[in-house]
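*Asks:* Take this sequence and fold it.
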Amino acid sequence: MRFNLLVLLVALIAATCSLALSTEEKESRKSAAEAADLEIDFIDHDKVNATLHNGKGITALMFGAKWCAFTQRFTPKWLEVQKAVKAQGIDKGNFQMFKVECSIDEPFCTVQYNIAGYPTVLFYRDGLLQGEYPDDDEPEVLLRYIKKQVSSYDAAVSSSAAAAAARATSTAALLPSAPAPQQLEAVTDAPKSAAAPLASATQAQASTADKSFVAENNNSGSANTTQTSSGWSSFAVIGGVAVFAGVGFVGYRALKRNGRNGRVALLG
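*Replies:* Numbers count the residues shown, from 1 in each chain. Got it, this is the predicted structure:
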């Protein structure tokens, strides 16, 4: 009987000590989480969508609630990772991390982002959800995972930039190169220089053609004049002969008729 009472007393003391330790641990955990929250970078609910949609690179969001014991345990670890990220300059590149406090508006987290339990860490790449953080919640493990994601993103960006540069170089090689200013001036003046001899040659050819045309006209005129003169001369000779014959015939008739009177009538 005494033995049973002793066992019961020991169990009661143990339960009391355990309850005291649990209460002390709970208060310590809560205090550590509240202290960490003072240094953690939070993001307001109304800015989450804009940050994800407009952001480039890797974004890590930790969804948690102040009343959740698991969130309280993880919050100081999240702060430790945040400090390491800033100390190593990872946040200066293609990475950002925030905590979302879901106790303010839990439907925002559970409905819009499908959060089923706290804490939940989601990774986004250029605003697109890549998935939930799958590894251990220890700071060094989470930091290693973040570095891996950022390294992968940086490699993809470098590869895209190199491919774009190669395409630009290939396109430039297919296009004619722009002339230098001096070359452009020479090309611009070249038509003027070439136009002078061309104009002179054209004028010379026109002058020669005009002279040839005038000479041909003169020759043609001379020929026509000669032909006309010859025609008029022939006509005059023929006419003169006709007149002379007519006069002679008339004179002969008159002479015959008046011969006896000794008068000669010359009629024309």
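*Asks:* Run through the stretch 101-250 of the chain and note the low-pLDDT ranges.
*Replies:* Applying pLDDT under 70 to the stretch 101-250 of the chain flags residues 172-173, 176-250.
*Asks:* CA atoms of the helix or strand residue 121 falls within as PDB?
*Replies:* Applying DSSP states H and E as the criterion places residue 121 in strand 120-125. Only the C-alpha atoms of strand 120-125 are listed here, as PDB (Å, rounded to 0.1, in the frame of the first residue of the first chain):
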ATOM      1  CA  THR A 120       5.000  26.600 -44.900                       C
ATOM      2  CA  VAL A 121       7.800  27.900 -47.100                       C
ATOM      3  CA  LEU A 122       7.000  28.400 -50.800                       C
ATOM      4  CA  PHE A 123       9.500  29.200 -53.500                       C
ATOM      5  CA  TYR A 124       8.700  31.200 -56.600                       C
ATOM      6  CA  ARG A 125      10.700  31.700 -59.800                       C
END
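*Asks:* Following element in sequence after that strand, please.
*Replies:* Following strand 120-125 in sequence, per DSSP H and E, is strand 128-132.
*Asks:* Tell me the helices and strands packed up against the helix or strand following that following strand.
*Replies:* Toward the C-terminus, strand 128-132 is succeeded by helix 139-174 as the next helix or strand (DSSP H and E). If you count contacts as 3 or more Cβ pairs under 8 Å, 6 or more residues apart in numbering; DSSP states H and E, helix 139-174 packs onto strand 58-64, helix 69-87, strand 95-101, strand 120-125. Bear in mind the C-beta positions are built from the backbone N, C-alpha and C, glycine included.
*Asks:* Go through the ones you listed and pick out the most buried.
*Replies:* strand 58-64 (a mean of 24; mean count of other Cβ atoms under 10 Å).
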